[in-house]
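Peer 1: Requesting a structural model of the entry that follows:
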Amino acid sequence: MSASSGREVTVEDDPNTKYLIENNVELPKSRLWKILERYYETVSIDAWRKNQVPSFITSNSRLANGYARLIHSFIMDQHAYNKSFKKVYIVEVGGGKYAPVWEDLGYTDVPFKYIFTDAMEASFSFLLRDSSVLVQFVERGWLDFARFNGNFSEPGDIFVGLNRNEQIPIDSSIVLVCNYVLDSLLTDALAINGDKNVSRATVSVYSTIEELDLTHPSIADRMTLTWGWKDLSYLDDQTEISERIEVNNDFIASFENDDGSKLSEKDLRILKYADYDVNLYKVIKSYLMLNREMSFVLPIGAIKMLRRFFEYTNGNICILIGDKGYPDDTEFMSIRPPHIAIHGCMSFMVNLDAMKKYFSNFGGSSIATRYKDTFQITCILGKRKSFFPRTIGSFIDSLDDLIPDNLLGIQKGFERIDLEEHSCSVGLKPFLGFLRYSNHDPFILWVLKKGILSTINDINIRQKEDIISDLRNVYKNIYPLESNIDVFDVLAQICLKGGFINEAIFYYNESLRCCPEYKHPSTFVNLAKCYQSQRNWKKAFFFCNEALKLDPDYSPALDFNSEYLNSSRRLNFIIVGCYSSWIFTDIIPTIQFDPMYNCIGVLPTCSTIDNAKKAFDNLEEIFNCSQENEVFSSSPVYFIDQLKNNKNIEDALAEVFYSYPHIEAVILDVPYSLLKPCVKIIWDNNKHLMTRSPTAHDVSTANELLDSKPPRSLWYDYSPLKFESSLYQVYNIIKQNGRLYAIHCKYDLPSEVINVSDQYKYDEIISRLIYTLSAIHIAIEGTLDWVFSPTGEGEPNKKTLFCGWSSPLRPRNDKVSNKNIGMSDEVHCTVTTEFVTWDKTLFQFEFHCDNCTVTLKKEGPIWLLLVRATKGRYETKIQCLGLQTANERFRKLCKDYNSDLYNSRDSVGFSAWWEAIIKAKQNPVHFSYKNKTLRN
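Peer 2: Next up is the predicted model:
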């Protein structure tokens, strides 16, 4: 699929140091052609699969789509002159891609028969293997295969059908597709000197070793050549007349040039050289008329093959040529050796100018792409252009789209992008734009995979549907050819990373079906992860074991089995309280995707019965929708009876622990007044604890609780922001743009919640304020110096907080130079939070520094990062990872807990609020509910 650049055959400077293979032979008679033929006999389809022969430039989806439009236009042109239905035969010499274009066009039958030809039948067995995408077209009768040698075969030698006894009818309309094939057919080279004498090339072939087999394919890798020129005067002694019926002595005697002159001696030599082919003679004469020294290749094999098709179809032909070559005669400016490229085999530059002139003399016409320094696309038609108006119009419309170099150039540009550093700044849209421009070419997806994988989480709901559609279109275009490229696996990786689990499962299974030779344990592990996320434990077990069958020491499979398929790693927990929206917005939406969390049940408090029942219903629905849960778990329990049977929440919680001793952890969300008694019961029973981050509004109380924590339990401070990479990116950006001097933050909450009491609103607002302080602490590596919150009488829905920070982003004043006299050393910060309608909710930071303003705004699962500086504006999106990471971190800490190694920073640490506990024990900072103020 990818492009192979190859190398040019070296002209030998010192033949005496090499081994001679053949000496001074006319180019068409050289052993070079037998070497080439044996190469394809030996390697067959592997010439393309191992990327020895270029394939992407001629087999990409964009070129295939352009060809399909041209072919469809040709079919319409043919039907314009033939009222009855007449099937068009598409013959591809050397194979390639095509696209179905007949659907919805009103034809009574498929208007073509596509015939894939090759000189070696060995290619067909690969193309028709059971997993091949081509089998379905063969079964429908749209596609067939036939052996055909472009140098020697006739169109009538193409036999198709079940018994290989059907031929293309004479005078049929044919589209002949020749991609990267004419450059490997018989070629000659001629030279014209200053006296207008014509010579033909001779070649001597040398090798670096003594060759026992003088036509072995490997000779191409080590051969060198020397060239000579043989004057056509040697033909003077040639008296035989061509075997062509129309040529005789009377023909030669009566022959006249276009200017009316008779044949000169030199003209007769050229006519003899051309085997009395008048059209070929005229081509060579046209170069003589340029009156300059030159040499040029002459694609005699290609010309003869195309002429045979011209005659067979009576001019009802469209030839599509894609190859490297000379589009006109301006490059024939001196006498020089022919250019031969080596890429596994060998190939010449194609003299497209000669071919266009030849078939123009034959009564045909041509149109071609307009640039020289690109892969050439040429369309040769069997009659004048007026017979093919739709075909010509389609070619003109596609003039630039047909050039595969455009696609190849963009592809190479994307390959050079340092995705590690720039993928975030580039974003997802450029990658998708290029994929769509390529008409969803599979190899382009392969090139873009790192960029797409690094940005696939940067999507919204509408983009998700578009991307799934893009990937389906790539899937339809997959044509497995080159080794070590499994596009099915890339599709699956993108789907898995983007959360499209069902699609990922489909593409992984297609990878196993269509590319069994690329089977790798990672495919089975990824399938196990897909089914694990769907809680389908039996299939997760199965595919994990399949991975280990391939490689018993494959560490991802061993780790996955240990971490996710081992029931002992499952965390049994209960939810207590459900006081705030935290349980519904942060906990349930994330743990439902982690089946290693096993919810034993939900225990309400007297004031949270409705909320707790809603949470229980959500968890029960998750359980009932899951598959194969009997492997690990049982349905969650609503502990309402325990609450009713006890006088307080503490006794109810103790009863639950007694009845369910396998409970390992508690997710606690209760009113502040119940925090201490609940924590005491939890720790008395040696259970691990997760609370909101941070849950204590009074630092001295929080400090007291932390000091009382028993060694066998951990207290996990639920701080998802400390796992957000976006906050660390803010720090690095500010660091490069001068000193930080101010921060403004707004955190607005939806008012549509179950619990709307004033106390709840105060608790919720204060929690979000502290949550925000923790985020600022991370973003600026700051220390909270002071906090002030003015009294907000009459405003229960709103709170404003002012604070000062010390930060390395705000260095101290230079007291020696007095450079910054009068400027504060503190970073001043304002935080506002309030309850608003759902459509006005907002979580946004603005960091103001000397040379820029950095805005970080949360939009669903995405952080929008915007930098406005004097040099311009920069914007990117970053996936939110904090919620899932925080939940997974808690589970792993609980399961791997070791009191001897426990560090409070592993659970509680790194929030500004908890740091204040350490730094302000003597003068603690706290919120006062009665005065609605914050002070230190």
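Peer 1: Okay, the residue nearest to Asn314 when sequence neighbours are not counted and Leu70: tell me how far apart.
Peer 2: Among residues not flanking Asn314 along the chain, Asp171 sits closest, at 5.0 Å (C-beta to C-beta, 6 or more residues apart in numbering). All C-beta spots, glycine's among them, are computed from the backbone N, C-alpha and C. Noted for Asp171: a distance of 21 Å to Leu70, by C-beta to C-beta, to the nearest Å.
Peer 1: one step back: so what's the residue nearest to Asn314 up against?
Peer 2: Tyr312, Thr313, Asn314, Asn316 (C-beta atoms under 8 Å, 6 or more residues apart in numbering).
Peer 1: if you look at those, which of them are in helices?
Peer 2: Those of those mapping onto helices are Tyr312, Thr313, per DSSP state H.
Peer 1: Reformat the contacts of Asp171 as JSON lines; add neighbour count and distance to Tyr281.
Peer 2: As requested, the contacts of Asp171 are arranged in JSON lines below (neighbours: other C-beta atoms under 10 Å; distance: C-beta to C-beta, whole Å):
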{"residue": "Tyr312", "neighbour count": "19", "distance to Tyr281": "23"}
{"residue": "Thr313", "neighbour count": "21", "distance to Tyr281": "24"}
{"residue": "Asn314", "neighbour count": "13", "distance to Tyr281": "23"}
{"residue": "Asn316", "neighbour count": "22", "distance to Tyr281": "26"}
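Peer 1: Need the contacts of Asp171 in TSV (columns: pLDDT and distance to Leu263).
Peer 2: Formatted as TSV, the contacts of Asp171 follow (pLDDT from 0 to 100; distance: C-beta to C-beta, whole Å):
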residue	pLDDT	distance to Leu263
Tyr312	95	30
Thr313	94	32
Asn314	93	30
Asn316	93	34
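Peer 1: Any regions of the stretch 201-350 of the chain where pLDDT drops low?
Peer 2: Low-confidence segments of the stretch 201-350 of the chain (pLDDT under 70): 238-248, 344.
Peer 1: all strands for it, in order.
Peer 2: In the stretch 201-350 of the chain, the strands defined using DSSP state E, counting those that start in this stretch lie at 223-231, 294-298, 317-323, 325-326, 340-343, 345-348, 350-351.
Peer 1: For Phe802, list the residues it contacts.
Peer 2: Taking C-beta under 8 Å, 6+ apart as the contact definition, Phe802 lies against Val787, Phe788, Ser789, Pro790, His828, Cys829, Thr830, Val831.
Peer 1: Surely the last one touches Thr800?
Peer 2: The one in question is Val831. Yes - Val831 is within contact range of Thr800, at 7.1 Å (criterion: C-beta atoms under 8 Å).
Peer 1: between these two, which one's more packed in?
Peer 2: Ranked by neighbour count (other C-beta atoms under 10 Å), Val831 and Thr800 place Val831 first, with 25 against 15.
Peer 1: Identify each buried residue in the host helix or strand of the more buried one, please.
Peer 2: Assigned by DSSP states H and E, Val831 belongs to strand 827-836. Along strand 827-836, these residues count as buried under the neighbour rule (16 or more other C-beta atoms under 10 Å): Val827, His828, Cys829, Val831, Thr832, Thr833, Glu834, Phe835.
Peer 1: just to revisit the earlier point, greatest separation within the contacts of Asp171: which pair is it?
Peer 2: Across these, the longest distance by C-beta to C-beta is 9.4 Å; it joins Tyr312 and Asn316.
Peer 1: between those two, what contacts are shared?
Peer 2: Counting by C-beta under 8 Å, 6+ apart, the residues touching both Tyr312 and Asn316 are Asp171, Ile174.
Peer 1: for Leu527, helix, strand, or coil?
Peer 2: Assigned by DSSP: H, G, I helix; E, B strand; the rest coil, the conformation of Leu527 is helix.
Peer 1: which residue sits closest to it in space, ignoring its chain neighbours?
Peer 2: Take Leu527 and drop its neighbours on the chain: the residue closest to it by C-beta to C-beta, 6+ apart is Phe543, 4.2 Å away.
Peer 1: just checking, what packs against the helix or strand encompassing the one you found?
Peer 2: Following DSSP H and E, one finds Phe543 within helix 537-550. Here helix 537-550 touches helix 521-533, helix 555-564, going by 3 or more C-beta pairs under 8 Å, 6 or more residues apart in numbering; DSSP states H and E.
Peer 1: Next SSE downstream of the last one?
Peer 2: Per DSSP H and E, the first helix or strand lying C-terminal to helix 555-564 is strand 571-577.
Peer 1: Run the chain-centre distance for the helix or strand following that following strand.
Peer 2: Counting by DSSP H and E, the next helix or strand C-terminal to strand 571-577 is helix 582. In terms of C-alpha atoms, centre = their mean, to the nearest Å, the centre of helix 582 is found 37 Å from the chain centre.
Peer 1: Let me see the mean pLDDT of helix 582.
Peer 2: In this model, helix 582 has an average pLDDT of 82.
Peer 1: Once you drop chain neighbours, what's closest to Ile505?
Peer 2: Once flanking residues are discounted, Ile505 sits nearest to Cys530: 4.9 Å by C-beta to C-beta, 6+ apart.
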